[in-house]
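Chemist: Here's a sequence, model it:
(chains A and B)
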Amino acid sequence: MGMDFSTLRTLISRYCAGEENCVDTRTVYIGHKEPPPGAEAFIQQRFPDNRIISSKYTFWNFIPKNMFEQFRRVANFYFLIIFLVQLIIDTPTSPVTSGLPLFFVIIVTAIKQGYEDWLRHKADKAVNQCLVQVVQHGKLSRKHSRKLTVGDVVYVKEDESFPCDLILLSSSRDDGTCYVTTASLDGESSHKTYHAVQDTKAYKTEEEVNCIHATIDCEQPQPDLYKFRGNINIYMGNEPVSRSLASQNLLLRGATLKNTEYIYGVAIYTGMETKMALNYQSKSQKRSAVEKSMNAYLVVYLCILISKAVINTALKYVWQADPNRDEPWYNEKTESERQRHVLIRVFTDFLAFMVLFNYIIPVSMYVTVEMQKFLGSYFIMWDDEMFDKELGERAVVNTSDLNEELGQVEYVFTDKTGTLTENNMEFIECCVDGNVYVPHIICNGQVMPGAAGIDMIDTSPGPEAREREELFFRALCLCHTVQVKEEETVDGIKHGIHQGKSSSFYISSSPDEVALVEGMKRLGFTYLRLKEGQMEILNREDEIERFELLEVLTFDSVRRRMSVIVRSSTGELYLFCKGADSSIFPRVVSGKVEQIKARVERNAVEGLRTLCVAYRRLSPEQYEQVCHLLTRAKLEFQDQDKLVAEAYDLIERDLILLGATAVEDRLQEKAADTIESLHKAGMKVWVLTGDKMETAAATCYASKLFRRSTQILELTTKRTEEQSLHDVLFELSRTVLRHYGSMTRDASSGLSSEYIDYGLIIDGATLSAVMRPSQEDSNSGNYKEIFLEICRNCSAVLCCRMAPLQKAQIVKMIKSSKEHPITLAVGDGANDVSMILEAHVGIGIMGKEGRQAVRNSDYAIPKFKHLKKMLLVHGHYYYIRISELVQYFFYKNVCFIFPQFLYQFFCGFSQQPLYDTAYLTLYNISFTSLPILLYSLMEQHINIDILKKEPTLYRDIAKNSLLTWPIFIYWTVLGVYDAIVMFFGVYFLFNNTTFTSNGQMFGNWTFGTLVFTVLVFTVTFKLVLDTHYWTWINHFVIWGSLVFFVVFSLLWGGIIWPFLNYQRMYYVFMQMLSSGPAWLSIILLITASLLPDVVKKVFWRALWPTNTERIQSADKLYKGQLSEFTPLAALHPPPRTGDHQRGSGTQRNPRRSETPNKKIMFTRWQRAPDYRTFTPLLRFTDGSRHPRPGNAYNGAGPETSV
Amino acid sequence: MVKEEQEESPNRPDNTAFTQQRLPAWQPILSASIVIPMFVLIGAAFIGVGVALFIASRDIQLQELDYTGDDSAHPCYKCRSSTEKCTCSMTFSIPNLFKGPVFFYYGLTNYFQNQRKYGASKDDNQLYGDLDYFKDPSSSCDPYTRDSRNIPIVPCGALANSMFNDTFSLSHVVNGTQKIVPLNGKGIAWWTDYNVKFRNPSVTPLINAFNGTKKPTNWPKPIYELDTTDVYNNGFINQDFLVWMRRAALPDFRKLYRRITHDDYVNGLPAGNYTLTIEYNYPVYSFNGRKKVVLSNVSWMGGKNDFLGIAYIVVGSMCVVMSIVMLIVYAKFKFAEDD
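Modeler: Predicted coordinates:
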């Protein structure tokens, strides 16, 4: 009973008091056990179950909801209204003419959407049915994932992902920790450590866990992945013990358990309330820019339509003021018509005119556009160049609505890990005292098997050098926080690592460290394990060396270095330090600084992540001192951080430089090339990553997002700590604007090589500060604007430390900035889903991190490099095609309906249709639809290869340039002109004369048919003039549809059709063709209609050619071989200086292709190192000629910190 | 290896020219070098055709006689408001031979045969001779479906009801005597209208088919009496009726009345004086219409129409002019580009 009341109370409080009172905390009863009496009022809150719902419709609401959605579209609604009007009033045309196409469109769309939703239902079901293990009554039992409820204790094994948000209770490890990778949540694939509360970590079996008697109070779910606050109250004995909970206790749905056998956790957020689900945004329907233009045009045409109807109605009543015109003796009205109220008459006349002219807004345009998009998307799926052999995947189109938007992208937001990079760190080389060491030849990211030992090292260095070298290797083996993941093998750990098999491997929160340690392994020094404070190393001679680990001076982003203090087996004390070059070099007292510095810079240029290694030998006294410093600092509670930092600073000095390392996060194949192409195409590329700044920056350099010449602007927490955000922002905007102010702007030479380009680095925290709505400071409202202004002037932006939702926020911010640019987001993980959904176009990469991104994307491609073809070729084509489609449709309907409008002036405004019903219905459906559909599927104004080779062509179509108002007006005026030519041409021809040699006269239907024939031919020939790519299909369809028109007309007029109650078209067409003047006038009127357009085209091509037209002409000149040998850059309007070409020359230095060179790149330290003999170095010196801006971000090269 | 690869990826797209968008194609460019010669050719051809048309049109003779009679001096003035049967006659002279065959048209202006309601006001099934629709004409004929006593009207509708009913006769004044010029009423309507689209009900005598129906209210005699002399020109297939039923496209129109093809006038009307006698019935005054009679002959390109020839000449010249302008522009810019 008590339960019932409380439930009732909760329900009442929920539904009566509305949403805002929703309790801001929740209490979770672990294992659904009530707290001991008296602890607190027991209120069972209601939580949703663990069901994930991504579908939009249910079986029951599909029809009403889908109909509602569809009729919300202006066009559909309009056609529905027209249809209803035709049903109700006496109109010139039959309701079938508009009802049938509308019905067709609605049904097809409903089927398509229903199918898509069914797929979502299936996917949801698969997730929800998945089995999880739950502790019930002291036993493990299996449950469907969707049946999980808050308070359930869940058991998760290694490599399983968490089914809901859990508070960690205990794990298989003694210390109550577990390792988790959140790759599919925020893209960080490194292992993170999570902790159990001390008081529960000892409960390790299901029986024990079942005994836990505790409650958790925590906040209601919120989307921030990194924020969590709560309390756990454990009832042991009388007094409950209360512990605080933070995000390190919370295991998130979607994350995966690693390197831990099992854990127990209690569910606190389930289903749609999990942080992952909250980070998803509902998939709203995206509309392309073209569709927006289309709707704008639609409104214009609607206005034209209404004004036409209004004008005609008004004129009708003016004209009819004379009763002999209103009702001449030969055409009397019926009694009921006479008695009808004048207002009703006006209104029905208005509606009748609307119906008569409604074809100006063709329902078939929507059908054709839908078909074009649907069929056109197959070319993406069919594209063999976007097929990836390794993955066996091809491009996938989830939403064909956005094909043309691919040609309009201005901002590209890309994820880093797994998208730009392969998420695979690799040790490339190290440099000891200026001698370069490269481990085994690397081929496709895999170490060639069989190659043993060290390849590159001259085996006879001097004893001193050899000692240095070994010290360097040892340093790297010791100075890290890597853990060894032990696979349970019979032979034990040592065996596993020694054999180099993957039976055991390293894990660390930093993939760089893993790469380094693995690199050392390949150079002969293997880190085995940390056992009882002793680090074990297997050296080249297969001996195990033991070092006692005394202190770890952990990494922090301010120092950007870390150190360890070890004692060797011989009792010597060493401090090994590794870190970013900028933080090591100032502390170095000796060593071959110059050579190493040169090497580090060179590697940085190559986009490698470099680290410097130094050491210092400590005397026992010094060590005493160190210990003293550290213990004192750690004992202090206030200002502990500061004191520790000071202590570290004192300890890490007087170092001796050993060498440097270079690690590569391998970029995806052709990533740099792709980014370069996107840049050239005028797109701004932003990298949004959850990763840390240094790593991300290195990738940006490697992928040519930032170049050596890029001036980096930093907007990070580090800087805003020094200055206020306000100052930093203003300073940056001044820097950017000053430059742009002084620069003479040449719009056509948009390539960035002419001037300094800026790159911006911003981190999540600063970003949220920038975006925070203003509170106290009135100025701060402008932050966003200033920030946007800075961004606008940066060719590349790097945002690091982003939460998934922040990624979406950025996209949203750019989307809603005042230019309303078209954005594209590309990513591979679940953490990218929100931004994929937010951006105008979302692209999923079929990466390693699951399929969430692919599922939620509009398009999915196997690799990042495919983006290039996707945008530059497919996007370009679709845009060109659909813009012609849209313009042409409006044009042909103006041509179609305007004569009908003009005819009203000659038929007493009586709504007499000019054309026969069959012509009215079929004009858009069959006579003129297929050629434009085929055009919009096949047209290639420029060859594929040229488009790929010359990304700048993309700028020709940027900003929806083919659907601007001037072009639209041109088409409309052309349509009106053609209509006038056609109508008055025929009018004057019909003017009181006979056409035939037998003296017979033609009637009104011949008049209309003649206009219509001219119309169909003119409109088709207009498309003929615009078609640039004539395959046999085009020939077939264009000429075929003209033939079809003639054959249809012959048939339609050739037979008395029994089902028709009028035979007005009988023999009209044939009679017309039997007359010579009709033929002559058809030829004349077609020519006269097309003449201005041809003249305009020729003049424009001669006087103001676009890039596209230049290249077309050039291509013609070279007979289609252009793409193979001509330097296209030379064809561009403003002849650019060699700058551009040099730029592209230096950009094309795929690092990978240098690997063979590397093989022969051995240490040259015996002879005088003459770096100029190395080709890569030559290139480096060449590259250094680029002016380096003085106030650039110090050490612009990629720096890595561990 | 290759085989293996193919097996490996069943997902691989078909590598055909079509799917890869690499179908062989002809890629013409509308550039000046093609367009200029094309324009010159088209221009020359059009001017040629235009001149020929213009000359042909010039040779056509035309005689228009307005007999509305709104001027009190006009012989037909008296008939304008007369309710009785009224006849008037006009004389005119033809200076030289009016080459045959000569076509005799009547023309109406300001008459909206192309009104929607008016045009729809007929029953095609009736006119096809379907007796069911004699009893129950289509409602599209309203208000000319039934008379005041609710008897169905055949042929129903405004179009039929308003059939033109002036009649003409033409006489040639030869040596002071009037010689009737024979007018041929055959073949003035479309062959298909006469033979297929309109049919009399297959009832003989025709009058029996019309039992229980009324003639259109404006008609002086029922449809089966339109031409009592010729069975094949009576009822729905009466040529005058067919001509009237083919609606004109524009408010000023002409309809073929007769052809002059017989006797002495096979080669045309000789020069001389003629008298046109009009039985004036059709009221046009109320809507400011005009009535006229037109005599015309035709050339190979139909009746007199200067428009087509002039239009051809204009468009042809435009082409030539444009090609010259293009040539100038093209030459100038071509050389500029070559520099």
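
Chemist: The residue nearest the centre of chain B: what's it in contact with?
Modeler: With distances taken as CA atoms, centre = their mean, B:A248 lies nearest the centre of chain B, 6.2 Å away. Listed by CB atoms under 8 Å, 6 or more residues apart in numbering or on different chains, the contact set of B:A248 reads A:1001, A:1003-1004, B:111, B:113-114, B:254-255. C-beta here means a position set from N, CA and C on the backbone, and glycine is covered the same way.

Chemist: and the residues you listed as a markdown table, adding distance to B:G302?
Modeler: Shown next, in a markdown table, are the contacts of B:A248 (distance: CB to CB, whole Å):
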| residue | distance to B:G302 |
| --- | --- |
| A:M1001 | 10 |
| A:G1003 | 15 |
| A:N1004 | 18 |
| B:Y111 | 22 |
| B:Q113 | 21 |
| B:N114 | 21 |
| B:R254 | 12 |
| B:K255 | 15 |
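
Chemist: now these in JSON lines, with pLDDT?
Modeler: Shown next, in JSON lines, are those (pLDDT from 0 to 100):
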{"residue": "A:M1001", "pLDDT": "88"}
{"residue": "A:G1003", "pLDDT": "89"}
{"residue": "A:N1004", "pLDDT": "91"}
{"residue": "B:Y111", "pLDDT": "92"}
{"residue": "B:Q113", "pLDDT": "91"}
{"residue": "B:N114", "pLDDT": "90"}
{"residue": "B:R254", "pLDDT": "91"}
{"residue": "B:K255", "pLDDT": "93"}
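
Chemist: among those, which are in strands?
Modeler: Applying DSSP state E to the contacts of B:A248, the entries found in strands are B:254-255.

Chemist: from the contacts of B:A248, which is closest to A:Y179?
Modeler: Nearest to A:Y179 among the contacts of B:A248 is A:N1004, at 85.4 Å by CB to CB.

Chemist: one step back: so the residue nearest to the centre of chain B, which of the three states?
Modeler: Assigned state for B:A248: coil (three-state reduction, DSSP: H, G, I helix; E, B strand; the rest coil).

Chemist: Read off the pLDDT value for it.
Modeler: pLDDT, B:A248: 92.

Chemist: how close does it get to B:L159?
Modeler: Going from B:A248 to B:L159 by CB to CB, to the nearest Å gives 11 Å.

Chemist: same question, A:N539
Modeler: For A:N539, the distance to B:L159 equals 112 Å [CB to CB].

Chemist: can you check A:E385 too?
Modeler: 66 Å.

Chemist: By proximity to chain B, which residue of the stretch 751-900 of chain A wins?
Modeler: Residue nearest to chain B within the stretch 751-900 of chain A: A:Y877 (7.8 Å; CB to the nearest CB).

Chemist: which residue sits closest to residue 251, ignoring its sequence neighbours?
Modeler: Unless you meant another one, I'm taking chain A. For A:L251, ignoring the flanking residues on the chain, the nearest one in space by CB to CB, 6 or more residues apart in numbering or on different chains is A:L166 at 4.4 Å.

Chemist: hm, I was asking about chain B
Modeler: That would be B:F112: by CB to CB, 6+ apart, it lies 5.1 Å from B:P251.

Chemist: residues near the one you found, how many?
Modeler: B:F112 sits with 26 neighbouring residues when counted by other CB atoms under 10 Å in any protein chain shown.

Chemist: okay, it: pLDDT?
Modeler: pLDDT at B:F112 comes out at 92.

Chemist: Can you name the residues that contact it?
Modeler: A:328, A:331, A:907-908, A:910, B:118, B:251 are the contacts of B:F112 under CB under 8 Å, 6+ apart.

Chemist: Show me those that map onto helices.
Modeler: With DSSP state H as the criterion, helices contain B:Y118 from among the contacts of B:F112.

Chemist: wait, which of the contacts of B:F112 is closest to B:C76?
Modeler: A:P328 (20.6 Å).

Chemist: wait, the closest one sits on B:Y285?
Modeler: No - if you go by CB atoms under 8 Å, A:P328 and B:Y285 don't touch, sitting 11.2 Å apart.

Chemist: The two: which has the busier surroundings?
Modeler: More crowded of A:P328 and B:Y285, by other CB under 10 Å: A:P328, with 24 against 14.

Chemist: show me what contacts that one?
Modeler: A:P328 touches B:112, B:286-287, counting by CB under 8 Å, 6+ apart.

Chemist: Quick one, grab the pLDDT at the residue nearest to A:L251.
Modeler: Reading off the model, A:L166 has pLDDT 90.

Chemist: Over to the one 4 residues further on?
Modeler: With respect to pLDDT, A:S170 has a value of 88.

Chemist: go on, A:L1080?
Modeler: Model confidence at A:L1080, given as pLDDT, is 92.

Chemist: OK, contacts around whatever residue of the stretch 401-550 of chain A ends up closest to chain B?
Modeler: Residue nearest to chain B within the stretch 401-550 of chain A (CB to the nearest CB): A:N403, separated by 13.5 Å. By CB under 8 Å, 6+ apart, A:N403 lies in contact with A:288, A:373, A:376-377, A:380, A:397, A:874-875, A:878, A:882.

Chemist: Could you report the neighbour count for the closest residue to A:I967 other than its chain neighbours?
Modeler: Distances taken as CB to CB, 6+ apart place A:Q887 nearest to A:I967, at 6.8 Å, with adjacent residues excluded. By other CB under 10 Å, the residues close to A:Q887 number 23.

Chemist: Need phi/psi at A:Q887.
Modeler: Phi and psi for A:Q887, reported as degrees, to the nearest 10, are phi -60, psi -40.

Chemist: A:N358 versus that one, what's the distance?
Modeler: According to CB to CB, A:Q887 stands 20 Å off from A:N358.

Chemist: One more: A:P1077?
Modeler: Spatial separation of A:P1077 from A:N358 under the definition CB to CB is 33 Å.

Chemist: Any idea how far apart the tips of stretch A:932-948 sit?
Modeler: 25 Å (CA to CA, to the nearest Å).

Chemist: any residue of that stretch up close to chain B?
Modeler: Yes - using CB under 8 Å from any CB of the partner chain, stretch A:932-948 reaches chain B at A:938, A:940, A:944.

Chemist: if we can go back for a sec, residue contacts, the residue nearest to A:I967?
Modeler: Listed by CB under 8 Å, 6+ apart, the contact partners of A:Q887 are A:962-963, A:967-968, A:971.

Chemist: before we move on, what about A:L1015?
Modeler: Taking CB under 8 Å, 6+ apart, one finds A:895-896, A:899, A:923, A:978, A:982 in contact with A:L1015.

Chemist: Please apply the same query to A:I836.
Modeler: A:825-827, A:842-844, A:853, A:856-858.

Chemist: and if we set it to 10 Å?
Modeler: Neighbour list for A:I836: A:281, A:283, A:413, A:415, A:807-808, A:811, A:824-828, A:842-844, A:852-860 [criterion: CB atoms under 10 Å, 6 or more residues apart in numbering or on different chains].

Chemist: One more: A:K578?
Modeler: By CB under 10 Å, 6+ apart, the neighbours of A:K578 are A:475-476, A:478-480, A:513, A:516, A:555, A:561-564, A:584, A:611-615, A:658, A:660-661, A:1200-1202.

Chemist: what's the longest helix in the chain?
Modeler: Unless you meant another one, I'm taking chain A. helix A:96-129.

Chemist: Chain B, not that one
Modeler: Chain B, longest helix under DSSP H: helix B:306-338.

Chemist: Could you give the average pLDDT over that one?
Modeler: For helix B:306-338, the mean per-residue pLDDT is 86.

Chemist: Show me which positions of it end up buried.
Modeler: B:307-309, B:311-313, B:315-316, B:318-320, B:322-323, B:326, B:330 (16 or more other CB atoms under 10 Å in any protein chain shown).

Chemist: again, but for stretch A:1040-1054
Modeler: For stretch A:1040-1054, using 16+ other CB under 10 Å, the buried residues are A:1041-1042, A:1044-1045, A:1048-1049, A:1052-1053.
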